[in-house]
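model this:
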Amino acid sequence: MQADITFIRKALSKDLMEILIRFSLIAFLVVMSVKIFSPFLALMLWAVILAVTLYPLHQRAAKRLGGKQGWAATVIVVSGLLLIGVPTAMLGGSTADFIHETHTAFENNTITIKQPPPSVAKWPLIGNKLHGLWSQAANDLPALLQKMQPQLGNFSKSMLSFVGGAASGMFQFLFSLIIAGIMMAFGQSGSAVMLKIIRRLTGPAKGEQLYQLSTATIRSVSMGVIGVAFIQALLLGIGFVWADVPAAGLLAILVLIFGIAQIPAVIFSIPVIAYVWWSGDSTMSNVFFTIYFLLAGFADNVLKPLLLGRGVDAPMPIILLGALGGMVSAGLIGLFVGAVFLALGYVVFMDWIADGEAEDSELADEDIKQSAVASE
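Model prediction:
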């Protein structure tokens, strides 16, 4: 008996040692792989999101090109780079010019500010304070700037950091579009591999459902929320540049962020219309820009029914939290990735909750049936 116990202990000790060694090796490989891949993680995640979102369009293009997957991917990528890259370059150039002109004007003390209208003092809550600050800036701007030097210094550093992060994020986005094109060219094999991985992790029956749910959620959030905000930001941004509005690029980025948060873009277009009429010289151009900004400001009412598809299953606060959290942690590209992945996580989690309730309901019905049979 003692010999059997000793043999069992040795066998368990040997098996446990092998398990610990294998687990340590696997953990080491996972940690090293994540560490090596981490610099490209945001880029690849965004490329996957773009590939999944654009894949139906890629398949339609491939049919028109005789089934040539590579050519279809090339057409989509080149079209995307032109449609997004050219307006982005315009907005970036406008922002750079505004920063340079503002800095030069501050250095040379050549900024002139008009006196505020008397009606500003009658505004509720902030009227008197704003009127006094505006008057001081109009009378003696250098003294006001000297007084607010610490606050302006911190603000300028924050703005430069924000602009730099936005530029970096846009370059990452354009590069991720190229990677997404490569993924779409091999989309059929890649889709099959992802389906196998999900089935391996969750089981054959659940894997297919989770795969379809994840794909639909990514496309719904990307097109219905982020896509609409992005298109509207580009439309308004181009109009800001044409109308020679100061800081057109920064305003376009704010339109994008507010659009993802589901805040109407008219809160930007209406003040810009007022600025155009206040500073413009030509009545015809003012009328044109007024119509353009009104149409672009309300464009989401037309774009959402076209692009939203079956609807976004995740609540808007979830999308907003994902967008803001992603932007804080990963910059402008995190704005998109965070919104999509938090929405996807929410939908998958709620689907898991629904499955549990369905199983509990089935068990309860089975217990009722058994109780009925037993009572008979």
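
Might you report the residue contacts of Ile263?
Contact partners of Ile263, counting by CB atoms under 8 Å, 6 or more residues apart in numbering, are absent. C-beta here means a position set from N, CA and C on the backbone, and glycine is covered the same way.

Which secondary structure element is home to it?
Under the criterion DSSP states H and E, no helix or strand holds Ile263.

mind checking pLDDT for it?
Ile263 is assigned a predicted lDDT (pLDDT) of 79.

where does it sit relative to Ile179, distance-wise?
Going from Ile263 to Ile179 by CB to CB, to the nearest Å gives 31 Å.

can you check Leu344 too?
Taken as CB to CB, the span from Leu344 to Ile179 is 20 Å.

higher neighbour count, those two?
Leu344 (23 against 18; other CB atoms under 10 Å).

The nearest residue to the more buried one once chain neighbours are set aside is in what secondary structure piece?
Spatially, and ignoring its direct neighbours in sequence, Leu344 is nearest to Thr217 (4.9 Å; CB to CB, 6 or more residues apart in numbering). For Thr217, the element it lies in under DSSP H and E is helix 204-221.

Check which residues of the next helix or strand after that helix are buried.
Counting by DSSP H and E, the element after helix 204-221 in chain order, helix or strand, is helix 228-242. Residues of helix 228-242 classed as buried by neighbour count (16 or more other CB atoms under 10 Å): 228-241.

where does Ala265 fall, phi/psi-wise?
As for Ala265, its main-chain torsions (degrees, to the nearest 10) stand at phi -70, psi -10.

I'd say it and Leu295 touch.
No. The pair Ala265 / Leu295 is not scored as a contact, 11.0 Å apart, by CB atoms under 8 Å.

The two: which has the busier surroundings?
Ala265 (24 against 13).

what's near enough to touch the more buried one?
Contacts of Ala265 were listed using CB under 8 Å, 6+ apart, and they are 232-233, 236, 255, 258-259, 296-297, 299-300.

Of these, just say which sits nearest to Phe186.
Distance to Phe186 across the contacts of Ala265 (CB to CB) is lowest for Ala233, with 31.3 Å.

hang on, the closest one packs against Phe258?
No. Using CB under 8 Å, Ala233 makes no contact with Phe258, being 9.0 Å away.

Ala243 reaches Val272, doesn't it?
Yes. Ala243 lies in contact with Val272 (CB under 8 Å); the separation is 7.2 Å.

what is in contact with the two at once?
Common neighbours of Ala243 and Val272 (CB under 8 Å, 6+ apart) are Phe293.

picking up where we left off before, which among the contacts of Ala265 count as buried?
Among the contacts of Ala265, those scoring as buried are 232-233, 236, 255, 258-259, 296-297, 299-300 (criterion: 16+ other CB under 10 Å).

Show me which pair in the buried residues of helix 228-242 is furthest apart.
Val228 and Val241, at 20.7 Å, using CB to CB across the buried residues of helix 228-242.

Which single one of the contacts of Ala265 is nearest to Phe175?
Nearest member of those to Phe175, counting by CB to CB, is Ala233, at 19.7 Å.

Now do the helices for the stretch 1-150 of the chain: every range, in order, please.
2-37, 41-64, 69-108, 127-139, 141-147, 149-185 (DSSP state H, counting those that start in this stretch).

if you average pLDDT over each of those, which comes out lowest?
helix 141-147 (a mean of 64).

how near is Ser135 to Lys304?
44 Å.

Looking at the two, which one has more neighbours?
Neighbour totals were compared for Ser135 and Lys304, and Lys304 leads with 18 against 15 (other CB under 10 Å).

ok, for Trp242, nearest residue in space, not its chain neighbours?
Nearest to Trp242 is Phe289, by CB to CB, 6+ apart, at 7.4 Å.

Provide a list of residues in contact with that neighbour.
Phe289 neighbours (CB under 8 Å, 6+ apart): 239, 242-243, 273, 276, 280.
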